[in-house]
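> The following block contains a protein sequence and its predicted model.
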Amino acid sequence: MLKEYVESSNYIVFFGGAGVSTESGIPDFRSVDGLYNQKWKYPPEVMISRTFFEEKTAEFFEFYKAKLLHLDAQPNSAHLALAALEKAGKLKAVITQNIDGLHQKAGSKNVIELHGSVYRNYCVSCNTAYEVEKITEASDTPLCNCDGIIRPDVVLYEETLDDNMITKAINHIRRADMLIIGGTSLGVYPAAGLIQYFAGDKLVLINKTATHIDNDADLVIRENIGDALLFFLT
Ligand code: ZN
């Protein structure tokens with residue numbers, strides 16, 4: 001069924017959450033096996049907040065490097081299939097909540113990273129851009145030549161998403177004839193709001209657990225995204 005859907009579509013948009021990257025060994029924040037169950041002094045939503053970054057900067061980076069940077073992770077079949085779909089001209093955009101850069105590693109070109117990327121970093125004082133190595137090589141807080149703190153261009157708790165990014169995502173979703181939503185339970189802003197803009201006739205959900213829009217979907221697939229999309233790679 002998914003295969004037929006893909007064949008009859010010309011403007012596919014993929015909207016993905018943490019579940020897309022779990023098969024690459026990157027834990028899902030909100031899943032039972034995710035970071036919440038691990039032993040840190042504070043819960044992740046505290047340690048990855050703007051306040052924590054500003055007040056306990058060294059601890060922020062300790063946690064960030066240990067738990068959010070997965071620079072050795074490799075794209076899985078979901079990333080690869082989506083890149084292939086884009087190359088074939090079928091898929092026009094990947095909208096992701098992930099910050100791991102794995103879609104680009106797989107070869108996707110048009111990736112809208114709603115929550116930013118660990119691969120972009122900048123000085124909070126002078127805005128100079130830095131490679132991620134500047135973060136990994138620092139023994140505690142990474143500093144710019146101007147002595148400003150270098151931070152990742154990722155959206156922390158207490159911070160808002162970039163308006164331009166949201167507008168871009170909406171524009172693609174509006175034009176899509178097929179929307180595939182994968183690896184997200186759609187509980188997190190802005191996922192649920194964004195899909196309201198979809199006006200196409202093929203809404204596909206690929207998620208291992210139920211979501212609140214299952215009934216609205218034209219097709220629900222209870223599988224790993226990688227397995228569900230695998231047909232496109234073979
Ligand atoms: Zn600077």
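Okay, I see it.

> Which residues are in contact with the residue lying farthest from the centre of the chain?
Distance from the C-alpha centroid of the chain peaks at Cys146, with 31.2 Å (CA atoms, centre = their mean). Neighbouring residues of Cys146 by CB atoms under 8 Å, 6 or more residues apart in numbering: 123, 125-126, 128. Using the backbone N, CA and C atoms, a C-beta is placed for each residue, glycine as well.

> and if we set it to 6 Å?
Contact analysis of Cys146 by CB atoms under 6 Å, 6 or more residues apart in numbering lists 125-126.

> Helix, strand, or coil at it?
Three-state assignment for Cys146 (DSSP: H, G, I helix; E, B strand; the rest coil): coil.

> and what of Ile150?
strand.

> roughly how far apart are the closest residue to it other than its chain neighbours and Thr128?
Computed as CB to CB, 6 or more residues apart in numbering, the closest residue to Ile150 that is not its neighbour in sequence is Pro142, at 4.2 Å. Distance, Pro142 to Thr128, by CB to CB, to the nearest Å: 12 Å.

> more neighbours, these two?
Shown here are Pro142 and Thr128; by other CB atoms under 10 Å, Pro142 has more neighbours (23 against 14).

> just checking, what packs against the one helix or strand Phe15 maps to?
Element membership of Phe15 [criterion: DSSP states H and E] is strand 12-16. Counting by 3 or more CB pairs under 6 Å, 6 or more residues apart in numbering; DSSP states H and E, the packing neighbours recorded for strand 12-16 are strand 91-96, strand 178-182.

> List of residues touching that strand?
Contacts for strand 12-16 (CB under 6 Å, 6+ apart): 82, 90-91, 93-96, 172-173, 176, 178-183.

> Tell me how far the one helix or strand in the chain whose mean pLDDT sits lowest lies from the chain's centre.
Ranking every helix and strand in the chain by mean pLDDT, DSSP states H and E puts helix 191-194 at the bottom, with a mean of 79. Between the centre of helix 191-194 and the centre of its chain there are 14 Å (CA atoms, centre = their mean, to the nearest Å).

> Secondary structure element for the residue positioned nearest the centre of the chain, which one?
Nearest to the mean C-alpha position of the chain, by CA atoms, centre = their mean, lies Asn98 at 1.7 Å. For Asn98, there is no helix or strand it lies in under DSSP H and E.

> what do you get for Ser21?
helix 19-22.

> Okay, strands next: where are they in the protein?
12-16, 91-96, 111-113, 116-123, 129-130, 150-154, 178-182, 202-206, 219-221 (DSSP state E).

> Show me the contact partners of the last one.
Contacts of strand 219-221 with the rest of the structure, by CB under 6 Å, 6+ apart, involve 1, 204-206, 214, 228.

> Quick one: neighbours of Leu233, just the number.
Leu233, neighbours per other CB under 10 Å, totals 13.

> just to revisit the earlier point, quick check: chain neighbours aside, which residue is closest to the residue nearest to the centre of the chain?
Once flanking residues are discounted, Asn98 sits nearest to Ser21: 5.1 Å by CB to CB, 6+ apart.

> what comes up buried for the longest helix along the chain?
If you go by DSSP state H, the chain has its longest helix at helix 163-175. Going by neighbour count (16 or more other CB atoms under 10 Å), the buried part of helix 163-175 is 165-166, 168-170, 172-173.

> got it, and stretch 205-213?
205-207, 211, 213.

> same thing with stretch 46-58?
In stretch 46-58, counting by 16+ other CB under 10 Å, buried: 47-49, 52-53, 56.
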